[in-house]
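S.K.: structure, please.
(one chain, ligands or ions: 1)
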Amino acid sequence: MATYCIECHGRNAQEAGLDLRSIQAMMKGGESGPALVPGQPDESLLLTMILDSHMPPDGQMPNRREIDLLTRWILHGAN
Ligand code: HEC
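M.R.: Model prediction:
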């Protein structure tokens with residue numbers, strides 16, 4: 001997340017009102033509601049956006065292994 005997303009959803013910019021610097025902020029989400037729902041990867045917009053190749057909009061995509069890791073992290077409660 002820090003590598004791929006923070007440039008547009010961090011300290012200097014929060015596109016769509018979304019801040020991805022903390023778990024709290026991810027759960028609060030942006031204009032479309034929560035970006036992270038612990039235990040529910042399918043409900044977690046930040047993951048579905050990556051899987052749809054909608055985020056990040058340009059630049060390098062996270063690889064398969066990183067996406068798997070993120071999915072498992074959400075599934076196990078995002079701790
Ligand atoms: C180059 C800038 C940029 C990067 C990098 C980026 N985003 Fe975004 N993001 C945007 C913009 C612009 C929007 C709003 C327009 C849209 O939805 O396409 C957005 C919207 C979103 C939304 C929807 C928020 C809402 O509530 O509507 C999510 C979720 C999201 N991004 C997740 C991510 C994740 C996860 C990453 C990293 C893998 C990421 N973004 C990387 C620019 C970026």
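S.K.: give me every residue that touches residue 61.
M.R.: Shown in contact with residue 61 (CB atoms under 8 Å, 6 or more residues apart in numbering): 4, 50, 53. For glycine as for every other residue, the C-beta is placed from the backbone atoms N, C-alpha and C.
S.K.: and the ligand, which of these reach it?
M.R.: Contacts with the ligand within the contacts of residue 61, as defined by CB under 6 Å from any ligand atom: 4, 50.
S.K.: nearest to the ligand among the contacts of residue 61?
M.R.: residue 4 (4.0 Å; CB to the nearest ligand atom).
S.K.: could you double-check that the closest one sits in contact with residue 63?
M.R.: No. With contact defined as CB atoms under 8 Å, residue 4 does not count as touching residue 63 (10.3 Å).
S.K.: quick check: phi and psi on residue 3?
M.R.: phi -70, psi -40 (degrees, to the nearest 10).
S.K.: look at it and report its pLDDT.
M.R.: Per-residue pLDDT puts residue 3 at 86.
S.K.: find the nearest non-adjacent residue to it, please.
M.R.: Excluding its sequence neighbours, the residue lying closest to residue 3 (CB to CB, 6 or more residues apart in numbering) is residue 62, at 7.8 Å.
S.K.: check residue 77 too.
M.R.: Distances taken as CB to CB, 6+ apart put residue 38 closest to residue 77, at 4.7 Å, once the chain neighbours are dropped.
S.K.: can you tell me the element the one you found falls in?
M.R.: Here residue 38 is covered by no helix or strand, with elements defined by DSSP states H and E.
S.K.: quick check: it touching residue 78?
M.R.: Yes. With contact defined as CB under 8 Å, residue 38 reaches residue 78; the gap is 4.0 Å.
S.K.: what's the overlap in contacts for these two?
M.R.: Joint contacts of residue 38 and residue 78 (CB under 8 Å, 6+ apart) do not exist.
S.K.: tell me how many other residues crowd residue 31.
M.R.: 8 (other CB atoms under 10 Å).
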